[in-house]
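Visitor: What follows is a predicted structure for the sequence shown.
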Amino acid sequence: QVQLVESGGGLVQAGGSLRLSCTASARSGSSYAMAWFRQAPGREREFVAAYGRGDRDIYYSDAVKGRFTISRDYGKNMMFLQMNSVKPDDTAVYYCAADLKLTAMAMDNFAGRIEYWGQGTQVTVSS
């Protein structure tokens with residue numbers, strides 16, 4: 001069983017930056033692919049970015065590519081999402097996810113198969 005806890009959400013002005021963190025309880029964190037998803041009110045859950053089991057397995061949605069950066073600290077079992085040049089459309093609850101079998105791209109295409117989810121952290125971007 002893996003527990004995921006997100007932190008770092010809050011209120012930010014458009015054009016600003018925010019850094020989200022996700023702490024995983026897994027003992028062998030490097031065995032898991034991890035990802036960020038988001039869900040805005042009245043909208044479906046949306047893939048944001050994923051980081052697989054190596055530095056070459058990184059995948060972003062078109063909506064955030066070039067603005068957001070996903071990273072991992074394997075020693076601390078943590079994942080981060082650096083959000084730059086944020087827009088009001090980035091307002092959502094952001095969720096951390098982890099899976100033992102899926103690759104980074106597969107976490108986008110097969111999100112229904114992801115095994116572990118966090119509780120989410122709210123990000124609000126004001127215009």
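Guide: All right, it came through fine.
Visitor: Name the spans of the chain whose pLDDT lies under the cut-off.
Guide: Scanning the chain for pLDDT under 70 picks out 27-29.
Visitor: Which stretches in the chain count as strands?
Guide: 4-7, 10-13, 18-24, 33-39, 46-51, 58-60, 68-73, 78-83, 92-99, 116-117, 121-126 (DSSP state E).
Visitor: Run the chain-centre distance for the fifth one.
Guide: Centroid separation for strand 46-51 versus its chain: 6 Å, with Cα atoms, centre = their mean, to the nearest Å.
Visitor: Run through who's touching it.
Guide: Contact partners of strand 46-51, identified using Cβ atoms under 8 Å, 6 or more residues apart in numbering, comprise 33-40, 57-61, 63-64, 68, 70-72, 79, 81, 92, 94, 104-105, 107-108, 111. Bear in mind the C-beta positions are built from the backbone N, C-alpha and C, glycine included.
Visitor: Buried among the residues you listed? Need that as a selection in ChimeraX.
Guide: Only the buried members of the contacts of strand 46-51 end up in this ChimeraX selection, burial being decided by 16 or more other Cβ atoms under 10 Å:
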select :33,34,35,36,37,38,58,59,60,61,64,68,70,72,79,81,92,94,104,107,108,111
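Visitor: list the buried ones in stretch 46-55?
Guide: Residues of stretch 46-55 classed as buried under the neighbour-count rule (16+ other Cβ under 10 Å) are E46, F47, V48, A49, A50, Y51, G52, R53.
Visitor: One more: stretch 101-120?
Guide: If you call a residue buried by 16+ other Cβ under 10 Å, then stretch 101-120 has these buried ones: L102, T103, A104, A106, M107, D108, A111, I114, Y116, W117, G118, G120.
Visitor: Noted, bye for now.
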